[in-house]
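S.K.: next input, structure requested:
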Amino acid sequence: MTDLDTMAAPEDEGVVADKPRPADPVLPPGEWAKQNLFSSFASSLLTLFFGLLAFGAFWGLLKFTFNNPARRWDAVPTNMRLMFTQGYPTAHYARIWVSVGIIMALVGLSLAVFKSRPYIGLRKMVGSLAGFAVLISAGALLIQPPILTDAAGEFVRNADASVQRESYIDGIIGRWWVFAIALVLLVIVAALWAKFGDQLRFMFAPFLAVLYGLFGLVIASLWFVHYGHYGLAADTSFIVDKGSTVAFSTQMPWTVMWALVGIGYLVGRQLPATRVSRGALTATWALSPFFLIWVVLRAPSYDMSHVVSTDLPIFLGFAFVGGAIMFLLTKKGIGELGRLIAFGLLLFAAFHWVAGFAGWYPMLQKARISFLMLALFALAAPNFAGDRKARMSYVWTWVGVIGLLQVFVTTVNTDSTLTGVQGESFIGGFVMTLVLAVLSVMLSFPLGVLLALGRTSTLPIFRVMSTAFIETIRGVPLITVLFFFATILPLFYPAGMVATKLSLAVLALVLFSSAYVAENIRGGLQSVLRGQYEAADAMGLTTAQRTSLIVLPQALRVSIPPLVGQTIATYKETSLIAIIGLFDFLLVAKNVIPAQSEFRSARREALLFVSLIYWVGAYSMSKYSRSLERKLGVGTR
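M.R.: Sure, this is the predicted structure:
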């Protein structure tokens, strides 16, 4: 706990970025209510209306969740593995935990290396504890008593066939532990307030330490609290044991995950927080989704003889020849000749794709993609013209990109060693939702930046192509784009080309999202004053330097709110992939679970759980966006 009353301030109390300020003084309850809830007659009416509306929604949720005898909430924990990983083979399930463990270790490393030091106001913590205690107490009072069951586990019914419940007092007594938790929380709140009083607004605690501690308490409860043991037995029968702790296969992995975050943080504290370490960690985060999905989870079986005889020569050829071309095209003063060479390479790459469609001659898809990448790098090369060091940096960038591309294409085209799965079915459920969301956001952002720069470019070819793409995509619903890529595009494949529905869904989401990202960034580019461009030109900066060092940082800072909104929209839009037959989180909850004989028609329970997961993800991104905006002063400076 730290007294930070001399530090600078965010706009509101709560989780803040590194330099919190004291909260406003506490008003007496009556004064606070008058000032915030009943300041006028209209304000009083709105307070009463929305207060009753909130109470009705809370009560309705309690009745839906606890008071309806038809609810089958055991369908959710029993099918938890199905909803999160769908048909991933049980024999290879350790790969799921290895992937989660790598992410947890990277989280710990990142928190240490990037020196993230957010704080949370102690007064806000106290208020949250008090509010939570009141909320669970009110819920325990409003919930109807449990339904009586007989020795066979059937509901006891009255003469009119209605279910028979315990008395209200017995129901309250049965929920004594809820009131005990609320009482403990209120005692803690009262003790802190009695000791520190209004000084709480000057006191802060490390938010990450608090979050890590709460995470640890939840993990510890898995070992002692009888949440119940649910799952699927070896004979495909359902396991529903409500009186025991969760399975060891859940307890131990999550305990290890919690430990990995702490170990990663301790290791990161020993690393120097330099540009090199931060850049390496950022690159690791960027590459980790591809490594985890197509290497760890998919478990490819590489044919090393084919790699040595075919893949390696292709890489070396493109690396050396392409490197020489990039070194030439980044020479100062090459002018129109460089643009003609780049345009010729683009036509050459396009010709190979046309030839593939027409079946004129065979060629590996890897080679066609590499020729296209070579042409794109060549078109951008004049923007990176400079001295020998700058030219070699661009050459090494090309070598790195083409190397990663070759490895990725080889990995994707290699058969999987997983047993019992085919094609893209090695992932499903919430894992597929995360894969689609992460890849769509990661790939659409750089493409959106290029499209925004192209639309604002002075070169007609880039401006026209970018504008045509953006306006075409934004004028078509996402469902139509998904249908096109899943059903129409395969009709135009070259001979021998095959693409999975998962890759097509990613491509559709990336292209759709990039058009909206481009417009968001274009708005940011237009906010950059013309004088910034002129000052950069006066300093002798190249076009690439001016764009990357002066223009884009200012444009992206202004574009944070719409970009986060688009990220959240992309995260939610992944649920539409069910229309092309992919078993994502929503489809499993909506169609698969209700079709089980044990949980027939238990659709609402699973859908409510899915809604909660989507809300948690979207709300977390929104909160992080707000803290980032405060840290960067968006809208204030």
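
S.K.: what is the neighbour count of residue 382?
M.R.: Residues lying near residue 382 (other Cβ atoms under 10 Å) number 20. Every C-beta, even on glycine, is put in place using the N, C-alpha and C of the backbone.

S.K.: for residue 353, same thing?
M.R.: Number of residues near residue 353 (other Cβ under 10 Å) recorded here: 16.

S.K.: what residue is smack in the middle of this protein?
M.R.: Nearest residue to the geometric centre of the chain (Cα atoms, centre = their mean): residue 438, 5.5 Å.

S.K.: now that one. Nearest residue, chain neighbours left out?
M.R.: Nearest residue to residue 438 in three dimensions, chain neighbours excluded: residue 289, at 5.2 Å (Cβ to Cβ, 6 or more residues apart in numbering).

S.K.: any idea of the pLDDT on that neighbour?
M.R.: Residue 289 is assigned a predicted lDDT (pLDDT) of 91.

S.K.: in a helix, it, correct?
M.R.: Yes. Under DSSP: H, G, I helix; E, B strand; the rest coil, residue 289 sits within a helix.

S.K.: quick revisit: counting neighbours, which bits of the strand or helix carrying the residue nearest to the centre of the chain end up buried?
M.R.: In the assignment (DSSP states H and E), residue 438 maps to helix 429-455. Under the neighbour-count criterion of 16 or more other Cβ atoms under 10 Å, helix 429-455 has 429-441, 443-445, 447-455 buried.

S.K.: sorry, back to before: what residues are up against the residue nearest to residue 438?
M.R.: Residues in contact with residue 289 (Cβ atoms under 8 Å, 6 or more residues apart in numbering) are 435, 438, 439, 442.

S.K.: mind checking what helix or strand follows the host helix or strand of residue 169 in sequence?
M.R.: Secondary structure from DSSP H and E places residue 169 in helix 168-174. On the C-terminal side of helix 168-174, the closest following helix or strand by DSSP H and E is helix 176-196.

S.K.: avg pLDDT for that next one?
M.R.: Mean per-residue pLDDT for helix 176-196: 91.

S.K.: ok, residues contacting that helix?
M.R.: Helix 176-196 is touched from outside by 122, 126, 129-130, 132-134, 136-137, 139-140, 200, 203, with contacts defined as Cβ under 8 Å, 6+ apart.

S.K.: show me the two of these that sit farthest apart.
M.R.: Across the contacts of helix 176-196, the longest distance by Cβ to Cβ is 31.2 Å; it joins 140 and 203.

S.K.: you'd agree residue 579 is up against residue 485?
M.R.: No. Shown here, residue 579 and residue 485 do not form a contact pair, counting by Cβ atoms under 8 Å, at 11.7 Å.

S.K.: of these two, which one has the most company?
M.R.: Neighbour tally, residue 579 and residue 485, criterion other Cβ under 10 Å: the higher count belongs to residue 485, 22 against 13.

S.K.: quick one on the thing from earlier: how much space between the residue nearest to the centre of the chain and residue 116?
M.R.: 20 Å (Cβ to Cβ, to the nearest Å).

S.K.: what lies in contact with the helix holding residue 169?
M.R.: Identification of contacts with helix 168-174 by Cβ under 8 Å, 6+ apart yields 140, 141, 143, 144, 145, 146, 165, 166.

S.K.: chain center to the helix or strand containing residue 397: distance?
M.R.: In this assignment (DSSP H and E), residue 397 forms part of helix 388-412. Computed by Cα atoms, centre = their mean, to the nearest Å, the separation of helix 388-412 from the middle of its chain amounts to 27 Å.

S.K.: what are the contacting residues of it?
M.R.: Everything outside helix 388-412 that qualifies as a contact, by Cβ under 8 Å, 6+ apart, is 287, 290, 294-295, 298, 300, 302, 307, 311, 314-315, 318-319, 322-323, 326-327, 330-331, 365-366, 369-370, 373-374, 377, 381, 384-385, 503.

S.K.: any of these buried? List them.
M.R.: Buried members of the contacts of helix 388-412, counted by 16+ other Cβ under 10 Å: 290, 294-295, 298, 300, 311, 314-315, 318-319, 322-323, 326-327, 330-331, 365-366, 369-370, 373-374, 377, 381, 384-385.

S.K.: my guess is residue 440 meets residue 509, correct?
M.R.: Yes. Between residue 440 and residue 509 there is a contact at 4.0 Å, judged by Cβ under 8 Å.

S.K.: now do the shared contacts for these two.
M.R.: Counting by Cβ under 8 Å, 6+ apart, the contacts common to residue 440 and residue 509 are 570, 574.

S.K.: poorly predicted segments of the protein, please.
M.R.: Within the chain, the stretches with pLDDT under 70 are 1-20, 150-154, 159-161, 234-236, 420-425, 494-497, 633-637.

S.K.: domains in it, as residue ranges please.
M.R.: Domain assignment for the chain by automatic domain parsing gives 2-26+61-270, 302-414, 429-637.

S.K.: what would those look like in TSV with distance to residue 280?
M.R.: Formatted as TSV, these follow (distance: least, Cβ to Cβ, whole Å):
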stretch	distance to residue 280
domain 2-26+61-270	9
domain 302-414	13
domain 429-637	17
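
S.K.: for residue 43, which of those is the nearest?
M.R.: Comparing the domains of the chain against residue 43 with Cβ to Cβ, the closest turns out to be domain 2-26+61-270 (19.6 Å).

S.K.: OK, contacts around residue 242?
M.R.: The contact partners of residue 242, taken as Cβ under 8 Å, 6+ apart, are 74, 226, 228.

S.K.: tell me the secondary structure at the second one.
M.R.: Judged by three-state DSSP, the three-state class of residue 226 is coil.
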